[in-house]
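Undergrad: okay, predicted coordinates and the sequence, questions at the end:
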Amino acid sequence: MSRAIAHQPLPSEVVRQFLEYVTDYVKQALSEKAVEMDCSMEAVVEMAIASFVAPEAFSFEDCLLAKRLGH
């Protein structure tokens with residue numbers, strides 16, 4: 001039986017540290033996506049990582065749901 005994991009947004013400090021290690025073109029793409037979607041950089045980074053882990057997911061919460069549903 002799997003245990004549900006509570007979803008918490010990525011803290012700003014974690015995102016800031018993450019952005020120190022990515023290339024400038026990735027930072028630019030993430031920034032442009034945040035503006036395009038009118039949302040925070042934290043949300044965009046989370047969505048980018050989630051889509052890498054589970055391409056059909058929009059966020060980590062969607063990844064967890066897909067995992068619980070067996071997809």
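TA: Yep, that arrived.
Undergrad: any stretches of this structure with poor pLDDT?
TA: Along the chain, segments meeting pLDDT under 70 span 1-9, 55, 57-71.
Undergrad: what about 50?
TA: Across the chain, the ranges flagged by pLDDT under 50 are 1-5.
Undergrad: okay, buried residues for the strand or helix carrying Glu13 please.
TA: Using DSSP states H and E, the element containing Glu13 is helix 12-20. For helix 12-20, the neighbour count (16 or more other Cβ atoms under 10 Å) marks Val15, Phe18 as buried. Yep, even glycine has a C-beta here, placed from its N, CA and C like the rest.
Undergrad: run through who's touching that helix.
TA: Lys27, Leu30, Met41, Glu42, Val45 (Cβ atoms under 8 Å, 6 or more residues apart in numbering).
Undergrad: list buried residues within those residues.
TA: Leu30, Met41, Glu42, Val45.
Undergrad: could you write out the alpha-carbon coordinates of the strand or helix carrying the last one in CSV?
TA: Element membership of Val45, judged by DSSP H and E, is helix 41-53. C-alpha atoms of helix 41-53 as CSV (Å, rounded to 0.1, in the frame of the first residue of the first chain):
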residue,chain,number,x,y,z
MET,A,41,9.6,30.8,-11.6
GLU,A,42,9.1,28.1,-8.8
ALA,A,43,6.0,26.8,-10.6
VAL,A,44,7.7,26.8,-14.0
VAL,A,45,10.7,24.9,-12.7
GLU,A,46,8.4,22.4,-11.0
MET,A,47,6.5,21.9,-14.2
ALA,A,48,9.6,21.4,-16.2
ILE,A,49,11.0,18.8,-13.8
ALA,A,50,7.6,17.1,-13.6
SER,A,51,7.3,16.9,-17.4
PHE,A,52,10.8,15.3,-17.6
VAL,A,53,9.8,12.7,-15.0
